[in-house]
Structure formats: C-alpha cells, structure tokens
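> Everything below, folded, please.
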Amino acid sequence: MKPVLIVRTGRAPDVIAGRHGDFPRWFRLGLRLRDVHLRVVDVQHGDPLPDPDECAGAVITGSASMVTEKLPWSERTAGWIRDAMDVDLPMLGVCYGHQLMSHALGGRVDYLSGGREMGTVTLTTQDAASSDVLGAGLPATFAAHATHEQSVLELPPGARTLAGSDRDPHHLVRYGNHALSTQFHPEFSAEVMRAYIRRKHDALRDEGQCPDTLLASVTPTPVATSLLRFFVREHLLARRETSAA
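Residues are numbered from 1 along each chain as shown. Model prediction:
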C-alpha cells in the first residue's frame, strides 16, 4: 500500500503538545491507520513532497501561519495540491489545510469578519449535502471543534459547501471526487479543544468573548470526528479498490 501523507504545515503549542501529543498523533488516532501506512512530511520545515502518484492520499494539517502570508513553503504546497487534483488524489485539508486547498484552487482566503471563531460550534448542512456521498449521511446539524482567524471567503470554481456555521458558511467543502476540506478540526478531542481555549484566554477576553462560556460549551463531536474514518473508507480505500479492478 502506498503511504498516506500527513502534510504537516504547523505544530501544536508546546504546552498542549506536551500533554496531548501533536498533529500527526491526533490524525493517526482519528484515521485509525497504523504508522506503517503513514508518512509525515513537514513542509513548514522544508521537507519535499513526493510525486502525488507515489501516495495513496494526503491529509493537510492546521498551522499557526496564515495562508495570506503566502510563505514560500506554503505556496509550494499549494502547487503540489494542484498537481494532486490533476490525478484525483484523495485529499483532506483541515483548518490551514482547508484554506490552503481553496487558495490553491482559486478561492479567496482572508480574515473572518468579527474576529476568531473558537470552541464547539454548531454546523448546519447545506442543500448541496443531500447529493454528496459524505453529506447525505450527515444530520441536519452537528457539533464540531473550531479555532481560526482566517477563513475561506470565496470558494474556488466548482467547489460546493456541504456545511457551515453561523459565523462561517464554508466549514465543509467538496472540491472533487476525492477531495474535501474542513475549517473545523475533526482530529480534536474535547480536552484538546479546552486546552486551546485556555491558552487563548486573554486574547478571547480582549476580543469580547467569554472564555469560561466557551469552555463550558465544549462537548464531544462524534459526527465531526467520524469524517476522518469516512475519508479512509469512502475515498482512500474505495479509490484503491477501483484502481485495482
């Protein structure tokens, strides 16, 4: 089996990583893939990306960087995303990865109006979800963990929104047969979400949000978390079986 890439665009803050681990571990647990089937590529630190044909799929992580900075490593990764789309590689972008996919494919990313969105948010499925292999199985509303300042403000041509929040309409986006992205974090546990809120306590208060209210509102997000297994089942494995046939 070709490796599934975890395209690492950042890392968790030290205080969180020391207690809960870091992005690759969270995704490995959520995808339920063994280490032997995964390959971490740290593009932020200069690791080269393999040819898309050498991979089974890719998950693109979050980052403290901003897509609008157009950092060299980020723009190189955007080019790789375009190449991967040309060969219909299964891809799942998360948070920064979500924004980078949209940016790479012609969408517009910038700061979310009204400041950061943080905590457990309620997402509502959109009309396009009913005809989508993922969206058709989603409930009308579901909970998801989020923490972001930038967002996808305009979708790329041909992309469809499957679910959004009151603050951000583009939380779950379909780009192609096997390419998806989420502004929310399906890899976050409730405790990781609380750790991020505690870390941003002062910034949230300065922005007029109540950290204690956000902490009290954190709940498990089983539907959002299940998206990682869905990606493995319906995109990684289904595409491999189709190719083998």
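> what pLDDT does the closest residue to Glu149 other than its chain neighbours get?
Residue nearest to Glu149 in three dimensions, not counting chain neighbours: Arg116, with 4.7 Å by C-beta to C-beta, 6 or more residues apart in numbering. Placement of C-beta: from N, CA and C, glycine included. pLDDT, Arg116: 95.
> if I look at Leu162, how far off is His148?
For Leu162, the distance to His148 under the criterion C-beta to C-beta, to the nearest Å works out to 18 Å.
> So these two - more neighbours on which side?
Set side by side, Leu162 and His148 give different neighbour counts by other C-beta atoms under 10 Å, the larger being at Leu162 (24 against 21).
> ranges for the strands of the chain?
In the chain, strands defined by DSSP state E lie at 4-8, 38-42, 57-60, 91-94, 108-111, 117-125, 141-148, 150-154, 160-164, 172-176, 179-182, listed in chain order.
> Dump those into JSON lines; add distance to Pro24 as well.
Rendered in JSON lines, the data for the strands of the chain read as follows (distance: least, C-beta to C-beta, whole Å):
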{"stretch": "strand 4-8", "distance to Pro24": "5"}
{"stretch": "strand 38-42", "distance to Pro24": "5"}
{"stretch": "strand 57-60", "distance to Pro24": "9"}
{"stretch": "strand 91-94", "distance to Pro24": "12"}
{"stretch": "strand 108-111", "distance to Pro24": "24"}
{"stretch": "strand 117-125", "distance to Pro24": "23"}
{"stretch": "strand 141-148", "distance to Pro24": "18"}
{"stretch": "strand 150-154", "distance to Pro24": "23"}
{"stretch": "strand 160-164", "distance to Pro24": "26"}
{"stretch": "strand 172-176", "distance to Pro24": "22"}
{"stretch": "strand 179-182", "distance to Pro24": "17"}
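> so which of the ones you listed comes closest to Ser102?
Nearest to Ser102, of all the strands of the chain, is strand 150-154, at 4.4 Å by C-beta to C-beta.
> contacting residues around that closest one?
Contacts of strand 150-154 from elsewhere in the structure, counted by C-beta atoms under 8 Å, 6 or more residues apart in numbering, are 66-68, 98-99, 102, 107-112, 117, 168, 170, 173, 183.
> Ok, stretch 39-58 next?
For stretch 39-58, the surrounding residues in contact (C-beta under 8 Å, 6+ apart) are 1-11, 24, 37, 63, 65, 73-74, 76-77, 80, 83-84, 86-87, 89-92, 178, 231, 235-236, 239-240.
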